[in-house]
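Q: got a predicted structure plus its sequence, pasted below:
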Amino acid sequence: MSENHSVLFGVRKTSESSVAGLRLRWLCRRDFGALLALERAAFEFPWTRDEFEYCLRTRNFGGLVVERDGEPLGYLCFEARKRSFRLLSCAVAESERRRGLGTLLTRALIERLDERRSKIVCVVRERNLAAQLFLRNLGFRAVWVARDYYFKTNEDAYRMTYRADVAVASDAAERTRRRLLSR
Ligand SMILES: CC(C)(COP(=O)(O)OP(=O)(O)OC[C@H]1O[C@@H](n2cnc3c(N)ncnc32)[C@H](O)[C@@H]1OP(=O)(O)O)[C@@H](O)C(=O)NCCC(=O)NCCS
């Protein structure tokens, strides 16, 4: 992870956070072995070592890892664009799913949104219902369908976005709804 990413995320290169025995930190080269195994178990068309390498090497690309006792359990890779983040990939070990780890990783990206970069964009396979529901639960919404996006399977892709301004508005609407219901 370059110093750029550290500055981007407002933390030092070695920064970490600890939640219930979990540690969130930057992805680094020594994670590759564990992440490639996780990747192969999670995806039909998994990323290769070269793609993880590219992510580490390339300016404005970065990755986060969640680990317990030094064992990587999940990761998220992103690209920081001028006005948005692009969520490139995210996966959690099968045995650790539905425990909030994917949410922990994605929230770390959501928390970096500001006035300049105010949305996160993600492209999801039409068959990946789990990912669509996961993103929707976080406040992402499907905004666009790309026909036959994946040439190997002729699958459509759903473009899903998280917009900080819309999320704030819907949080406010939810608070109002709760206030009205509690009268
Ligand atoms: C998608 C993925 C990263 C989610 O990670 P996770 O750690 O299991 O997700 P969380 O525990 O944070 O889930 C939060 C919420 O998302 C929704 N959700 C997550 N997985 C779901 C599933 N398989 N089916 C339905 N809803 C799901 C639920 O609302 C869940 O809350 P709940 O468990 O209280 O019902 C994980 O399933 C995975 O690695 N899948 C394979 C890789 C992949 O498809 N990645 C694409 C990600 S964009």
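A: Now that the structure is in, tell me what you want to look at. Not measured: the values here are computed from a predicted model.

Q: can you give me the first-to-last residue distance of stretch 50-66?
A: Length of stretch 50-66, first residue to last, Cα to Cα, to the nearest Å: 21 Å.

Q: buried residues of it, list them for me.
A: Within stretch 50-66, the residues scored as buried using 16 or more other Cβ atoms under 10 Å are Phe52, Cys55, Leu56, Phe61, Gly62, Gly63, Leu64, Val65, Val66. Every residue, glycine included, has its C-beta placed from N, CA and C.

Q: so for that stretch, mean pLDDT?
A: Stretch 50-66 shows a mean pLDDT of 94.

Q: can you offset everything so residue one is 583?
A: Sure thing, new numbering starts at 583, so read that last one as stretch 632-648.

Q: what sits against Pro628?
A: By Cβ atoms under 8 Å, 6 or more residues apart in numbering, the contact set of Pro628 is Leu618, Glu621, Arg622.

Q: kindly apply the preceding question to Phe660 instead.
A: Phe643, Gly644, Gly645, Phe667, Arg668, Leu669, Leu670, Leu691, Ile702.

Q: what's the closest of these to the ligand?
A: Nearest to the ligand among the contacts of Phe660 is Leu669, at 6.3 Å by Cβ to the nearest ligand atom.

Q: so what's the residue count around that closest one?
A: When neighbours are counted by other Cβ atoms under 10 Å, Leu669 registers 24.

Q: count of residues packed around the nearest residue to it once chain neighbours are set aside?
A: The shortest distance from Leu669 to any residue other than its chain neighbours is 4.1 Å, reached at Cys704 (Cβ to Cβ, 6 or more residues apart in numbering). Neighbour count for Cys704, taken as other Cβ under 10 Å: 23.

Q: correct me, but Cys704 touches Ser666?
A: No - using Cβ atoms under 8 Å, Cys704 makes no contact with Ser666, being 10.4 Å away.

Q: what residues does this protein put near the ligand?
A: Residues of the chain lying close to the ligand by Cβ under 6 Å from any ligand atom are 624-625, 672-674, 679-685, 704, 706, 710, 712-713, 715-717, 719.

Q: buried subset of these?
A: Buried, going by 16+ other Cβ under 10 Å: 624, 672-674, 679, 683-684, 704, 706, 710, 713, 716-717, out of the residues of the chain next to the ligand.

Q: among those residues, which ones are in helices?
A: Ala624, Leu683, Gly684, Ala713, Phe716, Leu717 (DSSP state H).

Q: and the strand or helix carrying Phe667, what does it pack against?
A: Using DSSP states H and E, Phe667 sits in strand 666-674. When contacts are defined as 3 or more Cβ pairs under 8 Å, 6 or more residues apart in numbering; DSSP states H and E, strand 666-674 packs onto helix 614-624, strand 653-662, helix 683-692, strand 701-707.
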